[in-house]
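*Asks:* Got a predicted structure plus its sequence, pasted below:
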Amino acid sequence: MSFDDLLKDLQGQRTVQEDPDHISLDQLFNESFMRKHSGFASFGEFAHKGNFQIQTHEDIENIPDELFDRHVARETDFSDWKAMLDAANKAYGK
């Protein structure tokens with residue numbers, strides 16, 4: 001799943017009809033994955049801890065990469081967002 005697809009998931013703009021292989025953020029970053037790699041039970045808790053207010057695609061685009069990477073590095077055992085996303089995709093079997 002691409003980063004753009006994840007952004008659309010956060011906005012609720014993608015539907016299962018658009019992509020039968022659609023993976024929600026809750027599925028990709030499931031409780032087991034989040035607990036293994038962070039102190040959080042969900043991706044939502046993780047995002048909330050970073051004070052990320054995500055309502056629209058624009059909101060996500062406005063988060064500076066370095067800010068989100070720092071949050072990932074601080075709150076998970078990954079060095080940056082790409083590493084976390086890649087590991088989640090691999091764990092999910094994509």
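*Replies:* Perfect, I can see it now.

*Asks:* part of a strand, is Ala87?
*Replies:* No - assessed by DSSP: H, G, I helix; E, B strand; the rest coil, Ala87 does not belong to a strand; its assignment is helix.

*Asks:* you'd agree Phe68 is up against Gly50?
*Replies:* Yes - contact status for Phe68 versus Gly50: in contact at 7.4 Å, counting by Cβ atoms under 8 Å. Using the backbone N, CA and C atoms, a C-beta is placed for each residue, glycine as well.

*Asks:* burial count for Val72?
*Replies:* The local packing of Val72 (other Cβ atoms under 10 Å) involves 22 other residues.

*Asks:* dump the residue contacts of it.
*Replies:* Phe78, Ser79, Asp80, Trp81, Ala83, Met84 (Cβ atoms under 8 Å, 6 or more residues apart in numbering).

*Asks:* swap in Ala73?
*Replies:* Counted by Cβ under 8 Å, 6+ apart, Ala73 has contacts Ser79, Asp80.

*Asks:* Then Phe78?
*Replies:* His37, Val72, Met84, Ala87.

*Asks:* Give me the nearest residue to the last one, chain neighbours excluded.
*Replies:* So the one you mean is Ala87. Distance criterion Cβ to Cβ, 6 or more residues apart in numbering; nearest residue to Ala87, sequence neighbours excluded, is Phe78 at 6.6 Å.

*Asks:* quick check, that neighbour in a helix?
*Replies:* No - counting by three-state DSSP, Phe78 falls outside a helix, being coil.

*Asks:* what's the spacing between it and Gln53?
*Replies:* Distance, Phe78 to Gln53, using Cβ to Cβ, to the nearest Å: 22 Å.

*Asks:* can you give me phi and psi for the residue nearest to Ala87?
*Replies:* Main-chain torsions, Phe78, degrees, to the nearest 10: phi -100, psi 150.

*Asks:* how close does it get to Phe3?
*Replies:* 14 Å.

*Asks:* which other residues reach stretch 81-94?
*Replies:* Identification of contacts with stretch 81-94 by Cβ under 8 Å, 6+ apart yields 1, 3, 6, 23, 27-29, 33, 37, 65, 68-69, 72, 76, 78.
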